[in-house]
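Colleague: Please find the sequence and the predicted model below.
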Amino acid sequence: MEKSRHFEESLFVSASPDAVFVYADDHRNFSAHMNQSSWMMGGSKMETQVDEREGREVGSHIKMSGRVFGVNLFLDEVITIHDPPRHKEWQTVGDINLLVINHYTLGFEIRPQETGSHFKVYIDYDLPYSLQNRLLGLLFGDMYAKWCVRQMTRGVKDYFRKQV
């Protein structure tokens, strides 16, 4: 199902596509921003649970839950594309409860370059359906989606900068 909104960000990484994929394929690294208290999360954080495949195979599930601004949040993601070292994509499934965005598809693509890799993270998402949350989504959905993508690209950039 096509999502109504899109954001992406790209950067150059001084590392091979294989090394970048290995780092980004580990959900503990790639979604670390969700597991830490932050202003964007209202001072709260999400708890992440991965299945026995750890989000590294098509069909693998990653679940997150938490409480933000007194509201219980929950999401279930399933890996839909896992093509090392080029592409990984996942999407929310089932009944989710988020505040400023609704169902989404999130992923990254890696292209080799002469001295490293071109790394792109993208999100396609819908605004919430309920009137109350739709208003929150109109106000803050784009900001939240951009924050998530930027946290993921920044995490990869910072990790490989430290490796040099």
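Modeller: Alright, I've got the coordinates.
Colleague: could you pull out the helices for the protein?
Modeller: Along the chain, the stretches classed as helices by DSSP state H are 17-25, 27-30, 131-163.
Colleague: Most tightly packed of the ones you listed?
Modeller: Each of the helices of the chain was scored by mean neighbour count; the highest is helix 17-25, a mean of 19, by mean count of other CB atoms under 10 Å. C-beta: built from backbone N, CA, C; applies to glycine.
Colleague: list the helices and strands that one packs on?
Modeller: Helices and strands touching helix 17-25, as assessed by 3 or more CB pairs under 8 Å, 6 or more residues apart in numbering; DSSP states H and E, comprise helix 27-30, strand 87-92, strand 104-113, strand 116-125, helix 131-163.
Colleague: hmm, try it at 10 Å
Modeller: Contacts defined by 3 or more CB pairs under 10 Å, 6 or more residues apart in numbering; DSSP states H and E place helix 17-25 against strand 5-13, helix 27-30, strand 71-83, strand 87-92, strand 104-113, strand 116-125, helix 131-163.
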